[in-house]
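In: Here is my input; please provide its structure:
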Amino acid sequence: MIARIWKGEVPLERSDEYLERMRAVAIPDYRSTEGNRGAFALRHVHDDRAEFLMLTFWDSEESIKAFAGDDVTAAKYYDFDADVLLEMVPHVDHYELYNE
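Out: Numbers count the residues shown, from 1 in each chain. Below is the predicted model:
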């Protein structure tokens, strides 16, 4: 299994709005992709910003490609992201997941 992690920051005053968009659009999109084993939005508030971390779990690199495209290291953005995010980070991190 593979864990895929994306990070982004939004202004604190827009963090509730961004979380709702993630819950309404992004998480269902992740979860509807075959091979997705879970999608979680994490929020950490600090100073005047809120950091979001999307933690998703996948069966394989092929299942990630079905979600994100051929370049699995590229971040996938939604139409609302550019309006809210402070920076559009181009890449995500992947980790092999072991539970034994």
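
In: can you map out the strands along this structure?
Out: For the chain, applying DSSP state E gives strands covering 2-11, 36-46, 49-58, 93-96.

In: Could you dump those into TSV with distance to Glu20, mean pLDDT and mean neighbour count added?
Out: Where C-beta positions appear, they are placed from N, C-alpha and C, glycine not excepted. As requested, the strands of the chain are exported to TSV (distance: least, CB to CB, whole Å; pLDDT from 0 to 100; neighbours: other CB atoms under 10 Å):
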stretch	distance to Glu20	mean pLDDT	mean neighbour count
strand 2-11	12	97	18
strand 36-46	10	96	14
strand 49-58	12	97	19
strand 93-96	25	96	11
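
In: Compare those and report which one is nearest to Tyr77.
Out: Closest to Tyr77 of those, according to CB to CB: strand 2-11, at 9.0 Å.

In: Alpha carbons of the closest one, as CSV, please.
Out: What follows is strand 2-11 as a C-alpha-only set of coordinates in CSV (Å, rounded to 0.1, in the frame of the first residue of the first chain):
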residue,chain,number,x,y,z
ILE,A,2,1.1,3.6,-0.7
ALA,A,3,0.5,6.7,1.4
ARG,A,4,0.2,9.9,-0.7
ILE,A,5,0.6,13.2,1.1
TRP,A,6,-0.1,16.7,-0.2
LYS,A,7,0.4,19.9,1.8
GLY,A,8,-1.0,23.3,1.4
GLU,A,9,-1.6,26.5,3.3
VAL,A,10,-4.5,29.0,3.3
PRO,A,11,-5.2,32.2,5.1
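
In: Tell me the strands beside it, with direction?
Out: strand 49-58 (antiparallel), strand 93-96 (antiparallel) (DSSP bridges).

In: so can I have a markdown table of those strands showing distance to Glu13?
Out: Converted to a markdown table, these look like this (distance: least, CB to CB, whole Å):
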| stretch | distance to Glu13 |
| --- | --- |
| strand 49-58 | 9 |
| strand 93-96 | 28 |
